[in-house]
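1. here is the input, now give the coordinates:
(chains A, B, C and D)
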There are 2 protein chains.
Amino acid sequence: MPSTGLPIADAAATLGLTTDTLRYYEKDGLLLRPVPRAAGGHRRYDEIDLRWIELVTRLRATGMPIRDVRRYADLVRAGDGNESERLAILQAHREEVLRQLAEVQAHLGAIEYKIDLYLDKLVALERTA
Amino acid sequence: MPSTGLPIADAAATLGLTTDTLRYYEKDGLLLRPVPRAAGGHRRYDEIDLRWIELVTRLRATGMPIRDVRRYADLVRAGDGNESERLAILQAHREEVLRQLAEVQAHLGAIEYKIDLYLDKLVALERTA
DNA sequence: GCTTGACCTGGAGCGCGCTCCAAGGAGTTC
DNA sequence: GAACTCCTTGGAGCGCGCTCCAGGTCAAGC
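-> From the prediction side, this is the model:
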């Protein structure tokens, strides 16, 4: 059996993470299974591992705390029958992300207003110069 | 001279911060001036202080690091003449926020796709039950 | 066969942004 | 004037999410 899958450095490059982060996620229970090892104990990331980790990065990049990602991974690892719980986690997260997006956009509006004030001010200075 | 302005607890409640955070911001150089004191050394937050801190919370809530807020505060404190530097900071921040908004929205789209898959799955289960 | 370099582990360290605490002072209420 | 509450300061502590390091193993290339 040939060792299939990517070594950790390639997986990290593919996913835009560091090797340290990949090992940390695995140790912290965020993955669906221990990543398979080649002879010698080196990790080999298969397609299924990469796809799961990509989802993890999406959850993390939208602000889901690591402990919630772990809860979700625990459910998926437990197998069929808890789909409504998984759905609840994702839906709650979606609501939270939408809330934050709206908040950030509102604050950004106020900041852009301030930017416009400075632009006006600088244009006026320009004219008198 | 009557002590004008809000005591720290009221200012915190008004701004949605804690008293600890207000003292921390002041000590860390994020404010435009030392907050005025009543007799006895208690802080009194005037309108001008509250308005500035509100801007600080907008910058923070949109992800600006404290050190950048301090740089901006330093410029404002220095007075007229550096408006283009202030503008540059705000515009750079605006670009960064827009970048992050787009990224979060893209990730959210993928998460919502997954939510829909679970919804379909659960509806199918429902039907067979 | 030996060097090189990627990988392994367990655990310490770190940057950020607060958050909490101890010890003490001052002003208001009875 | 005693009790209560809110405030003061300096500094320690903390939760999060990595990030780094030491010391060791293993496999591939020359």
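2. now A:Tyr72: closest residue in space, sequence neighbours ignored.
-> Distances taken as Cβ to Cβ, 6 or more residues apart in numbering or on different chains put A:Ile89 closest to A:Tyr72, at 5.1 Å, once the chain neighbours are dropped. (Glycine included, C-beta is placed from N, CA and C.)
3. what about the one you found, which helix or strand?
-> helix A:83-128 (DSSP states H and E).
4. any idea how far that helix is from the chain center?
-> 20 Å (Cα atoms, centre = their mean, to the nearest Å).
5. near DNA strand C at all, it?
-> No: Helix A:83-128 lies out of reach of DNA strand C by Cβ under 7 Å from any atom of the strand, never closer than 13.7 Å.
6. how about stretch A:65-82 and DNA strand C, touching?
-> No: residues of stretch A:65-82 contacting DNA strand C under Cβ under 7 Å from any atom of the strand: none, with a closest distance of 12.2 Å.
7. circling back: what angle do helix B:83-128 and the helix holding A:Ile89 make with each other?
-> Per axes from the mean of the first three to the mean of the last three Cα atoms, to 10 degrees, the angle that helix A:83-128 makes with helix B:83-128 is 160 degrees.
8. tell me which residues of stretch A:56-63 come out buried.
-> Under the neighbour-count criterion of 16 or more other Cβ atoms under 10 Å in any protein chain shown, stretch A:56-63 has A:56-60, A:62 buried.
9. what of stretch A:39-54?
-> A:43-45, A:49, A:52-53.
10. stretch A:88-98 too?
-> A:89-90, A:93-94, A:97.
11. which residues are contacting it?
-> A:59, A:62-64, A:68, A:71-72, A:75, B:104, B:108, B:111-112, B:114-115, B:118 (Cβ atoms under 8 Å, 6 or more residues apart in numbering or on different chains).
12. what of stretch A:54-69?
-> A:15-17, A:25, A:28, A:30-31, A:72-73, A:89, A:93, A:96-97, A:100, B:103-104, B:107-108, B:110-111, B:114.
13. any of those buried? List them.
-> Buried among those by 16+ other Cβ under 10 Å: A:15, A:17, A:25, A:30-31, A:72-73, A:89, A:93, A:97, B:104, B:107-108, B:111, B:114.
14. what about the helix holding A:Ile89 and DNA strand D, touching?
-> No: interface with DNA strand D: helix A:83-128 contributes nothing (Cβ under 7 Å from any atom of the strand), its closest point being 12.3 Å away.
15. quick one: average pLDDT of that helix?
-> Averaged over helix A:83-128, pLDDT sits at 96.
16. ok, A:Trp14 to DNA strand D distance?
-> I think there's a mix-up here, since residue A:14 is Thr and not Trp. 16 Å (Cβ to the nearest atom of the strand, to the nearest Å).
17. again with A:Arg77
-> Taking Cβ to the nearest atom of the strand, one finds A:Arg77 at 19 Å from DNA strand D.
18. swap in A:Gly41?
-> 6 Å.
19. contact partners of stretch A:32-39?
-> A:3, A:5, A:7, A:26, A:43-46, A:48-49, A:52, A:73, A:76-77.
20. and that stretch, which residues are buried?
-> Applying 16+ other Cβ under 10 Å to stretch A:32-39 flags A:32, A:35 as buried.
21. OK, contacts around A:Gln129?
-> Heads up, residue A:129 is Ala, not Gln. Per Cβ under 8 Å, 6+ apart, neighbours of A:Ala129: none.
22. that older thread, quick one: which of the contacts of stretch A:32-39 sit in helices?
-> The helices, defined by DSSP state H, take in A:26, A:48-49, A:52, A:73, A:76-77 from the contacts of stretch A:32-39.
23. now distance to A:Ala11 and pLDDT too, for the residues you listed, in JSON lines please.
-> Formatted as JSON lines, the ones in helices among the contacts of stretch A:32-39 follow (distance: Cβ to Cβ, whole Å; pLDDT from 0 to 100):
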{"residue": "A:Glu26", "distance to A:Ala11": "11", "pLDDT": "98"}
{"residue": "A:Ile48", "distance to A:Ala11": "12", "pLDDT": "97"}
{"residue": "A:Asp49", "distance to A:Ala11": "8", "pLDDT": "97"}
{"residue": "A:Trp52", "distance to A:Ala11": "12", "pLDDT": "98"}
{"residue": "A:Ala73", "distance to A:Ala11": "17", "pLDDT": "98"}
{"residue": "A:Val76", "distance to A:Ala11": "19", "pLDDT": "98"}
{"residue": "A:Arg77", "distance to A:Ala11": "20", "pLDDT": "98"}
